[in-house]
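**Student:** Quick one, structure for this:
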Amino acid sequence: MNSKIIIGTAKFGNSDYGFSSSEEHLSSSEMLCMADELGIEILDTSPRYGNAEKLIGDYHLRNDKRFRICTKIDNLIPNNPSNEKKIYSSVRNSIRQTNIDCIETLYLHQNDLEIISDKNIIRSLSKIKNDGLVKKLGVSVYSHEECEFALTSDIYDVIQLPISILDSHIYSSLIKKGVDKEIVARSVFLQGVLFNRNNIHAEIKQAEDLFRSISVIDSLVRKYKTDLLTLACTFVSTLKEVNYMIVGTTCSKHLSNIVN
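**Tutor:** Residues are numbered from 1 along each chain as shown. The predicted structure follows:
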């Protein structure tokens, strides 16, 4: 079992997500079959990812395999009494769509401090966990402040944050010395930017800074006679406090190489 790898499914429902390669891509069903064959147990999804949850559910209906599903809730409003109803409705719909009995990790898809610290939202999350609909509760953060709050909060079991060979500042400053939370790395390949650079100038404001950083990584690849994917994966997977890393690809060659 490849216990450290989680398959991200954003591209299942939105093929244009991130910076895709020109390699041949698998269908969602083919991708899930390959993930199963490679011993991958966990999928990361969201109602925001188009029909990704339904595609997972269709696979479960046709196969004996049941992946552990991490999904998210969205569209919550601070200090709003309707949040609990939204949370329960979203969770039950995700369970129904993916054809599972219980969600592995339920994340807040909104990272705003006013959302992740909202007492009514926290109370509703605790309630849904106690009801047995989810096993763990998590937040997906982008800033030091959000991560610091999640680390000090008793309600959150899991923190998902960007960690890559070019971006480990939150990990280094807040996580590296040890935490009592499950840590999940996302954007390990900067949403594909490391490998697919054709549109960087058109779509990324800091393109010149990014290219300078990438050129340093490229020089390390040449110096140590390795490849970029190996270097990127190895950097994240050897960080002591990282429990899982999410990889979002629908290319069979890339997934196989990542696992290897």
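
**Student:** any idea which element Leu220 lies in?
**Tutor:** Assigned by DSSP states H and E, Leu220 falls within helix 207-223.

**Student:** before we move on, what about Ser90?
**Tutor:** Using DSSP H and E, Ser90 falls in helix 83-98.

**Student:** Show residues contacting the helix or strand of the chain with the lowest mean pLDDT.
**Tutor:** In the chain, the helix or strand scored least confidently by mean pLDDT, DSSP states H and E is helix 200-203, which has a mean of 72. Residues outside helix 200-203 that contact it (C-beta atoms under 8 Å, 6 or more residues apart in numbering) are Phe19, Val193, Ala207, Leu210, Phe211. Backbone N, C-alpha and C define where each C-beta goes, glycine included.

**Student:** any chance of those in JSON lines, with neighbour count and distance to Ser82 too?
**Tutor:** Output for the contacts of helix 200-203, formatted as JSON lines (neighbours: other C-beta atoms under 10 Å; distance: C-beta to C-beta, whole Å):
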{"residue": "Phe19", "neighbour count": "19", "distance to Ser82": "37"}
{"residue": "Val193", "neighbour count": "20", "distance to Ser82": "38"}
{"residue": "Ala207", "neighbour count": "15", "distance to Ser82": "42"}
{"residue": "Leu210", "neighbour count": "18", "distance to Ser82": "41"}
{"residue": "Phe211", "neighbour count": "14", "distance to Ser82": "46"}
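
**Student:** Lowest-confidence entry in the residues you listed?
**Tutor:** pLDDT across the contacts of helix 200-203 is lowest for Phe19, at 46.

**Student:** in the helix holding Leu220, what counts as buried?
**Tutor:** By neighbour count on 16 or more other C-beta atoms under 10 Å, the buried set for helix 207-223 is Leu210, Ile214.

**Student:** again, but for stretch 46-60
**Tutor:** For stretch 46-60, using 16+ other C-beta under 10 Å, the buried residues are 46-50, 52-60.

**Student:** do the same with stretch 100-118
**Tutor:** Quick answer for stretch 100-118 (16+ other C-beta under 10 Å): 100, 103-111, 115-116, 118.

**Student:** Greatest separation within those residues: which pair is it?
**Tutor:** Ile100 and Asp118 (27.0 Å; C-beta to C-beta).

**Student:** one step back: following element in sequence after the helix holding Leu220, please.
**Tutor:** Assigned by DSSP H and E, the successor of helix 207-223 is helix 228-237.

**Student:** So for that next one, mean pLDDT?
**Tutor:** Mean predicted confidence for helix 228-237 is 92.

**Student:** Give me the contact list for it.
**Tutor:** Outside helix 228-237, the residues that reach it (C-beta under 8 Å, 6+ apart) are 4, 163-165, 185, 188-189, 194-195, 217-218, 220-221, 224, 242, 245, 254, 257-258.

**Student:** Mind checking which of these are in helices?
**Tutor:** Among these, the members falling in helices are Ile217, Asp218, Leu220, Val221, His254, Asn257, Ile258 (criterion: DSSP state H).

**Student:** Single out whichever of these has the smallest pLDDT.
**Tutor:** His254 (83).

**Student:** Okay then, goodbye and thanks.
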